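K.L.:
Starting from these lines, generate the structure:
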Amino acid sequence: MRRRLIPTLLAAALLAGCGVPVDDEPRLVQPPPGRFPTPAGTTTADPEGRVDEPFCFVREDGLAVITRPADRLPGVDAHLQHLLAGPDRWERGRGLATALPGTVAVAGATLAGSVATVDVRQAGEETGRSDEVLAFGQIVCSLTQRPDVDSVAFRRDGQPLEVPRADGSVSALPLTAADYRPLLPR
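P.N.:
You can find the predicted model right below:
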């Protein structure tokens, strides 16, 4: 009897020392610090009401979709201003950049229905930038990640503006992320 009791007690002691401690009440578990990628096309809310603000930045010769936590999703113009500010230090350290400064001079954005319209001023000829496709792709991909925006139109001086798409063609029609799919990660 003793031979059976000793292994049983030893196994019980080992099992009692393993596992997760039991609390009397539920406790809040904090996520680890840092940012975590969210799948493209999603905007999530956490239990505290925070949402993910989506951005498309440049990585190498393409676009990368990231999110930043926010208390609420800002209006399209404020969202665009956040995009124009470029990647923060943490994002730059992970190889993200922007093609916007010196390429596209944005005056503002409005939302009518599910179409965001971005007003663009004439950019100076001295910019020396040749990555307009990436710049316009950043705007279109960032804004169409929002749940309230299906497409993005551009205008200059109140008139529709033809902008480059990833396939090299230009369009004055509202654009979607699909127009820049070759630049997005697979």
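K.L.:
contacts and neighbour counts: CA atoms only from here.
P.N.:
Noted.
K.L.:
how about the helices in this structure?
P.N.:
Ranges of helices in the chain, per DSSP state H, are 2-17, 76-84, 89-92, 132-144.
K.L.:
Lowest average pLDDT across these?
P.N.:
Ranked by mean pLDDT, these bottom out at helix 2-17, with a mean of 60.
K.L.:
what sits against the closest residue to residue 77 other than its chain neighbours?
P.N.:
Counting by CA to CA, 6 or more residues apart in numbering, residue 109 is the residue found nearest to residue 77 once chain neighbours are left out, at 4.7 Å. For residue 109, the contact set (CA atoms under 8 Å, 6 or more residues apart in numbering) comprises 76, 77, 80, 116, 117, 118, 119.
K.L.:
so what's the closest residue to residue 174 other than its chain neighbours up against?
P.N.:
In space, and not counting its chain neighbours, residue 174 is closest to residue 153: 4.2 Å by CA to CA, 6+ apart. Residues near residue 153 by CA under 8 Å, 6+ apart: 115, 116, 117, 118, 160, 161, 172, 173, 174, 175.
K.L.:
Tell me how far the fifth one lies from residue 154.
P.N.:
What that stands for is residue 160. Residue 160 is 6 Å from residue 154, where distance means CA to CA, to the nearest Å.
K.L.:
So residue 65 is in contact with residue 57, correct?
P.N.:
Yes - using CA atoms under 8 Å, residue 65 is in contact with residue 57, at 6.6 Å.
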